[in-house]
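Undergrad: From the sequence below, what's the structure:
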Amino acid sequence: MALASKTAFRRALQDRPDLVHAHFAYPDAAAAALLACEAGLPLVVTCHGSDINVLTQNATRKTIIARSLRQAVAVVTVSKDLSDKVASLGVDPDRIHTIPNGVDLSRFQPGDKNHARRHLGIGTDGPLLAAVGRLEPVKGYDRLLEAVAAMPDINLVLVGHGSLRRPLEHMAAQLRIQKRVHFAGPVRHEDLAIYFQAADCLVISSHSEGWPTVIHEALACGTPVVAPAVGGIPEALADPALGVVVPSGQATDLRAGIRLVLDKQLDHAALVESAAAHQWSHVARRYRDLYASILKRN
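TA: The predicted model follows:
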């Protein structure tokens, strides 16, 4: 990656940059570390989740990641949970900063639930769950289907694509819930809001997460969240008014959490207000302040 990026990087140096900022610890930060060192520029790295939670499980890759992060003048993580894991790699805690992901409030806003369902062609008056993400093992959607199978009044729309599309469709048929599970396929990010607006609840069933951006995207649409206590999720949903954090993504825990949220008297305006605290302008301001502090030191 460093070799393939070298021509573009050298062209960028003509604009006299002050620092190099890489997103994801591997391979991006590892490549950026080589280029930044060669150019004599300070390196900033943002870790997003799977780069630390998953990729460091390989010993060789873990060594490369740790070396790259220790070279950085600042390592940004999207959750405190990730900060602790980065520190365990030997990175100075004073150089680790937690800046969660943000939400675009111009795109994610409350909308009429019935209109959204009609627009999507989901003709149901009953509770509708939404799950948004790659159809891959880490997302635990098999467990979510098991939970839906045990709740005969519940419908689910799965938004995303991946290698498990056909196996999950087959599982839904085996569980006899194929008429209650809608596979929306891949959806452009700018078109996601209507799915949150149509849903009564966003459900996350992942085995591993960093800071899921879909949480505050759903909240910005006035939709509560049910999610397991993994990664930065307990931080994102620290206020019980925003939804329910369940002990795990197992079907029984998900089912209990979904029932709790559906039975709650929710203040939807409070959900939107909570998301507003994470709008991208606030995130950008924190990055700007971090850059300024780095340049002041160098």
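Undergrad: Give me the pLDDT value at residue 254.
TA: Per-residue confidence (pLDDT) for residue 254: 98.
Undergrad: Going by secondary structure, it is in what exactly?
TA: If you go by DSSP states H and E, residue 254 is part of helix 251-263.
Undergrad: can you list contacts of that helix?
TA: 127, 129, 143-144, 146-147, 150-151, 154, 200-201, 203, 205, 224-228, 243-247 (Cβ atoms under 8 Å, 6 or more residues apart in numbering). Bear in mind the C-beta positions are built from the backbone N, C-alpha and C, glycine included.
Undergrad: Return the set of buried residues in the helix or strand where residue 234 lies.
TA: Assessed by DSSP H and E, residue 234 sits inside helix 233-236. By neighbour count on 16 or more other Cβ atoms under 10 Å, the buried set for helix 233-236 is 233, 235-236.
Undergrad: how about TSV for these, with distance to residue 87 and pLDDT added?
TA: Shown next, in TSV, are those (distance: Cβ to Cβ, whole Å; pLDDT from 0 to 100):
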residue	distance to residue 87	pLDDT
233	20	95
235	16	93
236	20	93
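Undergrad: from these, which single one is nearest residue 109?
TA: residue 236 (19.2 Å; Cβ to Cβ).
Undergrad: In contact with that closest one, which residues are there?
TA: 79, 100, 211-212, 215-216.
Undergrad: Of these, which belong to strands?
TA: Using DSSP state E, no member of these sits in strands.
Undergrad: Where does confidence bottom out across those residues?
TA: pLDDT across the contacts of residue 236 is lowest for residue 211, at 89.
Undergrad: Go ahead and confirm that one touches residue 83.
TA: No: look at residue 211 against residue 83 with Cβ atoms under 8 Å: they stay out of range, at 11.2 Å.
Undergrad: Just the mean pLDDT for the helix or strand encompassing residue 46, thanks.
TA: Using DSSP H and E, residue 46 sits within strand 43-47. In this model, strand 43-47 has an average pLDDT of 97.
Undergrad: packing partners for that strand?
TA: strand 20-23, helix 28-39, helix 59-71, strand 74-77, helix 280-297 (3 or more Cβ pairs under 8 Å, 6 or more residues apart in numbering; DSSP states H and E).
Undergrad: Buried deepest among those, which one?
TA: Most buried of the helices and strands packed on strand 43-47, by mean neighbour count (mean count of other Cβ atoms under 10 Å): strand 74-77, with a mean of 25.
Undergrad: Listing partners with orientation, what would you give for it?
TA: Strand pairing for strand 74-77, using DSSP bridges, gives strand 43-47 (parallel), strand 96-98 (parallel).
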